[in-house]
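Undergrad: My questions are about this predicted structure, shown below with the sequence.
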Amino acid sequence: MNKYELIQDAFQTLQREISPDTGIQLDMPCEEAEEMANLLFEYGLPTLRSTRLLSIYIAIKLALLRHSDFSNSLHGENLTRKVLDGDYLYSFYVQLCLQWNEYDLLAHLAPVIKQIQIRRIEGAAYHDVLLQCWELFFELEKESVRKSRAM
Amino acid sequence: MTRLDEELGISLRSVDRAIENMVKFDKDIPRSSPLAQHILQLIHSGGKRVRPLMVIVGSRFGPSKDEKKTMRLAAAAEFIHAASLIHDDIIDDSPLRRGEPALHVKLGVHDALHVGNYMSARVVELISEYSAERERFAYDLSSLVTTQLCLGEYQQLSHLYDYDVHIEEYLEKSRNKTAQLMASCLKIGALAGGAEENTADLLYSFGEKLGIAFQIRDDILDFTQSAQKLGKPAGSDLRKGQVTLPVLFALEVDALASRIRSIGPDTPSEQVDAVVASIQQSDALRQSELVSEQYLDEARELIRQLEAYPAHQDLNVLLNYFSGRDN
């Protein structure tokens, strides 16, 4: 499987998991998921897990995108859907972590997702924070596997 | 009139302190920061703390007296509720909340939205911290995350001005939007208190029935309370296209159905006023009240099944509160 197939699989997995009642379309450009896909290949995770982790990443990225650009001209159903889509995706990433037994990942991601909200209120940069958080998680996981093998 | 917290013998001050501590002990925001101050102001602006009280009542059905854990969950429930209110106010463009300018009016939509997000994310962070008890943290988190609540909102949105919506769809929407969180509060409280699984399930069902009865009552109040008390014109749900239970019953009256069906987003206010007045005079409100009563009766039956627990009296207090007798 190459990077683009992984991204495509992750998008399809996420779209399947999202309730059709939401009407959410995964209209995020594939390029937004490329760096994370590179990271997954770099750490050599099994295909199924890579697909699931990338789906979780896309859900968070899409939540961030939906809760961006609230111009004054935005109102009515467009505004409602943007708010709701972001809310749904922020809670859905949690559900996906629980559903796929990614408890350690959730405990690692949760404070960072919160810090991103703080940064957004403060107008501080936040774009690199998410990817760095995942990279640290993979490093810690690799280290923990190495230690348990050494014992 | 006795307050709900007093009737339940719960110190609201302790609940408020636990809610405040969620912000005060967050190492990522200084206490003096505008974000912390906005949230603390929001907490101090009041609220009945119904959901935290339900968590505490639930905990009384178990043998464990780990008050710290219960209070933490109670505070988390209020945080989730408060965050959803901030986002509701943005969606509805409501200018006021508890008599004060709504948060998006004070801060703008972008910042208010992210204050709500911060509050939800803080709950996920705090609950994920007790990772030693994985099953518990998974249950608590899946109960408190708001996917169901969002689904209720989506269902409402996709049925705006839809006069062919079925009563089952209305009830499903109410279950998702309102009842699920209330039901979960009782259940996570019970599990935190070490209650047996079947007791926790009965409490969930009780909370769900109470929540649906509450939503129906709220939909009736939209027609019966004065504009002054509501802070908006009577029938405002219908004006926004929300087809609630009273409207569904009114649609069964031939003389009313075509007038209701003619209402759309651009209908002049005077025309809607006349339809609202006709619904108020019809039997639709009484029929809706009967459905609400039916849910409350089912909730009473569940209390009977929990009579072995002294805390079942607290469920009577909640039921009286939700049925409006003590409210």
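TA: Yep, it's here.

Undergrad: Now for residue 5, how many residues are close by?
TA: You didn't say which chain, so I picked chain A. Here the count is done by other C-beta atoms under 10 Å in any protein chain shown, and A:E5 has 12 residues near it. To be clear about C-beta, it is placed using only N, CA and C from the backbone, and glycine gets the same treatment.

Undergrad: my bad, the chain I had in mind was chain B
TA: As a burial measure, B:D5 scores 19 neighbours (other C-beta under 10 Å).

Undergrad: Please report phi then psi for it.
TA: phi -60, psi -40 (degrees, to the nearest 10).

Undergrad: dump the residue contacts of it.
TA: Residues in contact with B:D5 (C-beta atoms under 8 Å, 6 or more residues apart in numbering or on different chains) are B:S11, B:L12, B:V15, B:K48, B:R49, B:L53.

Undergrad: ranking the residues you listed by neighbours, who comes first?
TA: B:L53 (26 neighbours).

Undergrad: Only C-alpha atoms, please: export the helix or strand where that residue lies in CSV.
TA: Assigned by DSSP states H and E, B:L53 belongs to helix B:50-59. Listed in CSV are the C-alpha atoms of helix B:50-59, where the atom choice follows Å, rounded to 0.1, in the frame of the first residue of the first chain:
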residue,chain,number,x,y,z
VAL,B,50,-29.5,19.9,37.3
ARG,B,51,-27.0,17.6,35.6
PRO,B,52,-24.4,17.6,38.4
LEU,B,53,-27.1,17.0,40.9
MET,B,54,-28.3,14.0,38.8
VAL,B,55,-24.7,12.6,38.9
ILE,B,56,-24.6,12.9,42.7
VAL,B,57,-28.1,11.3,43.0
GLY,B,58,-26.9,8.4,40.9
SER,B,59,-23.9,7.9,43.1
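
Undergrad: Using pLDDT, spot the least trustworthy of the contacts of B:D5.
TA: Among these, B:K48 carries the lowest pLDDT, at 91.

Undergrad: Contact residues of chain A facing chain B?
TA: A:19, A:21-23, A:67, A:70, A:74-75, A:77, A:79-81, A:83-84, A:86-88, A:90-92, A:94-95, A:98, A:103-104, A:106-107, A:110-111, A:113-115, A:117-118, A:120-121 (C-beta under 8 Å from any C-beta of the partner chain).

Undergrad: sorry, back to before: just checking, what packs against the helix holding B:L53?
TA: Where contact means 3 or more C-beta pairs under 8 Å, 6 or more residues apart in numbering or on different chains; DSSP states H and E, helix B:50-59 is packed against helix B:4-7, helix B:12-24, helix B:67-92, helix B:180-192, helix B:197-224, helix B:312-322.

Undergrad: pLDDT on stretch B:81-98, on average?
TA: Rounded mean pLDDT across stretch B:81-98 is 93.

Undergrad: now swap in stretch A:96-107 and tell me
TA: The pLDDT scores in stretch A:96-107 average 96.

Undergrad: In the chain, what helix or strand scores lowest on average pLDDT?
TA: Let's take chain A. Taking mean pLDDT, DSSP states H and E as the measure, chain A has helix A:127-150 as its least confident helix or strand, at a mean of 93.

Undergrad: Sorry, I should have been clearer: chain B.
TA: Between all helices and strands in chain B, the lowest mean by mean pLDDT, DSSP H and E belongs to helix B:227-230, at a mean of 66.

Undergrad: near chain A, anything from the very next helix or strand once past that helix?
TA: Once the chain leaves helix B:227-230, the next helix or strand it forms, by DSSP H and E, is helix B:236-239. No: using C-beta under 8 Å from any C-beta, we find that helix B:236-239 stays clear of chain A, coming within 13.8 Å at best.

Undergrad: mind checking pLDDT for the residue most central in space within chain A?
TA: Residue closest to the average C-alpha location in chain A (C-alpha atoms, centre = their mean): A:Y57, at 1.9 Å. Listed pLDDT for A:Y57 reads 98.

Undergrad: Quick check: it touching A:M36?
TA: Yes: in terms of C-beta atoms under 8 Å, A:Y57 counts as a neighbour of A:M36; the distance is 4.7 Å.

Undergrad: which neighbours do the two share?
TA: A:W134.

Undergrad: residues from chain B in reach of chain A?
TA: So chain B meets chain A at B:28-29, B:34-35, B:87, B:90-91, B:93, B:109-111, B:113-115, B:117-118, B:120-122, B:124-125, B:128-129, B:131, B:134, B:137-138, B:141-142, B:145-147, B:150-151, B:153-155, B:157-158 (C-beta under 8 Å from any C-beta).

Undergrad: Kindly list the main-chain dihedrals of B:P268?
TA: Per degrees, to the nearest 10, the backbone of B:P268 is at phi -60, psi 140.

Undergrad: What's the local residue count around it?
TA: Neighbours of B:P268 (other C-beta under 10 Å): 8.

Undergrad: do the same with the one 3 residues further on
TA: Other residues lying near B:Q271 total 12 when counted by other C-beta under 10 Å.

Undergrad: Against chain A, how distant is B:G58?
TA: According to C-beta to the nearest C-beta, to the nearest Å, B:G58 stands 21 Å off from chain A.

Undergrad: For that residue, which non-adjacent residue is closest in space?
TA: B:G189 (2.6 Å; C-beta to C-beta, 6 or more residues apart in numbering or on different chains).

Undergrad: any weak-confidence spans in the stretch 201-327 of chain B?
TA: B:226-231, B:325-327 (pLDDT under 70).

Undergrad: I appreciate the help and will end here.
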